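Asker: Need coordinates for the following:
(one chain, ligands or ions: 1)
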Amino acid sequence: MNCTSCGMPLRTPEDHASGDVTKEYCRHCAHPDGQLKSYDEVLAGMTAFLQRTQGLDPGVARRTATATMAKMPAWSGRA
Ligand SMILES: [Zn+2]
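Answerer: Prediction:
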């Protein structure tokens with residue numbers, strides 16, 4: 001399965017929030033206590049990740065992250 005918040009593949013228990021395989025989102029999208037982060041927190045994290053890994057400009061990275069999250073089940077209820 002993939003993280004319902006960012007789409008990252010969840011391959012091992014450690015990839016899941018708090019190492020809990022019943023959680024449908026990854027450790028990057030959760031606080032240390034296993035609670036899903038807010039939309040804005042996940043968006044900020046994904047934007048930084050895209051800038052770091054793909055060298056995108058901040059504005060481009062943010063638009064890409066917004067478009068990616070719009071397709072994710074965890075955020076699909078948002079306008
Ligand atoms: Zn995630």
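
Asker: Per-residue pLDDT of S76, please?
Answerer: Looking at S76, its pLDDT is 86.

Asker: Count the neighbours of the nearest residue to it once chain neighbours are set aside for me.
Answerer: Of all residues not flanking S76 in the chain, A70 sits nearest, at 7.4 Å (C-beta to C-beta, 6 or more residues apart in numbering). For every residue, glycine as well, the C-beta is placed using N, CA and C. By other C-beta atoms under 10 Å, the residues close to A70 number 11.

Asker: what bits of this structure have low per-residue confidence?
Answerer: 78-79 (pLDDT under 70).

Asker: need the residues of it near the ion, please.
Answerer: When proximity is defined by C-beta under 5 Å from the ion, the chain lies next to the ion at 3, 5-6, 8, 26, 28-29.

Asker: Closest to V60 out of those?
Answerer: C6 (17.5 Å; C-beta to C-beta).
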